[in-house]
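**Student:** Need a 3D model of the following:
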Amino acid sequence: MSAALVIELETGPIERARADLAIVCFATTDRPLQGAAGRADWRLCGRLSKLIAEGRVAGHAGEAVLLPGGGGLRAPLLLALGLGPGASLGPAAAAALARDAVGRGLALRAATLALALPSGELGDLALRLRLEAVVTGAGDALAARREGRAATLVLVAAREDGPRVLEVLRAVRPSGFPASVALRLPAAPRQRAAAPPSSQRGDSGVRPTPFK
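**Tutor:** Down below sits the predicted model:
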């Protein structure tokens, strides 16, 4: 029985994404933290920045840290992945990032993963290649689990990039996609529910965990 990789798209900041696990990435040169990682860190009162300052993580490729959500982050858990030296991700690196992100998320038994799309050129060809790489990497991770179950990957894009990302994503046909995984692409951006009351978004009290 084939597993299914369900791709959805949300636009807006990563802290508003509805998922069991929010995933961001950061480079060794991101000081202070940039993009989605910077927003998530701000919402979590600088927990990731503190780990960097303490020398526990630096953003090297292969590094990962798992943090509790709460505060202004909708997802109950945040996974931050290292990218290595700062640079726009090419297709190979984007595929490796998605494979690592989804593999770790599935190991945590998260059914819905929200991945902030890595930065890079937004030209049509570059964007298509990067999205195809992300989808292929995610499919590889799901195929490796051999559990025959579905996983939902919510790609989180900047609001202004949403229409373009959706148009390209609908046309994605990754040539290296695993045959054991069925791919379901979005027909429209995912609709976001209202934010929970602040009284329901408190700190979970879980300690940050380097995730290997």
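**Student:** that's a strand at residue 5, yeah?
**Tutor:** Yes - in this structure, residue 5 lies within a strand as judged by DSSP: H, G, I helix; E, B strand; the rest coil.
**Student:** ok, now how distant is it from residue 133?
**Tutor:** Counting by C-beta to C-beta, to the nearest Å, the gap from residue 5 to residue 133 is 14 Å. For glycine as for every other residue, the C-beta is placed from the backbone atoms N, C-alpha and C.
**Student:** ok now do the most centrally placed residue in the chain, which residues does it touch?
**Tutor:** Here the mean C-alpha position of the chain is nearest to the C-alpha of residue 115 (C-alpha atoms, centre = their mean), at a distance of 1.7 Å. Contacts here follow C-beta atoms under 8 Å, 6 or more residues apart in numbering; on that basis residue 115 touches 23, 98, 101, 102, 134, 153, 154, 155, 156.
**Student:** What about residue 58, how many residues nearby?
**Tutor:** Applying other C-beta atoms under 10 Å, we find 14 residues neighbouring residue 58.
**Student:** Revised request: answer the last question for residue 32.
**Tutor:** Other residues near residue 32 number 11, with proximity taken as other C-beta under 10 Å.
**Student:** Can you read off the pLDDT for it?
**Tutor:** The per-residue pLDDT reported for residue 32 equals 90.
**Student:** On the three-state scheme, the nearest residue to it once chain neighbours are set aside is what?
**Tutor:** The spatially closest residue to residue 32, leaving aside those adjacent along the chain, is residue 38, at 6.4 Å (C-beta to C-beta, 6 or more residues apart in numbering). Assigned state for residue 38: helix (three-state reduction, three-state DSSP).
**Student:** Could you report the neighbour count for residue 38?
**Tutor:** Around residue 38 there are 17 other residues, counting by other C-beta under 10 Å.
**Student:** per-residue confidence at it?
**Tutor:** For residue 38, the pLDDT comes out at 93.
**Student:** Check the gap between it and residue 186 for me.
**Tutor:** The spacing between residue 38 and residue 186, counted by C-beta to C-beta, is 26 Å.
**Student:** helices and strands around the longest helix seen in the chain, which ones?
**Tutor:** Criterion DSSP state H: the longest helix present in the chain is helix 124-145. For helix 124-145, the elements it packs on are strand 3-11, helix 91-107, strand 151-157, helix 162-170, strand 181-184, judged by 3 or more C-beta pairs under 8 Å, 6 or more residues apart in numbering; DSSP states H and E.
**Student:** Just say which of the ones you listed is most tucked in.
**Tutor:** Per-residue neighbour counts averaged over each of the helices and strands packed on helix 124-145 give the maximum for strand 151-157, namely a mean of 23 (mean count of other C-beta atoms under 10 Å).
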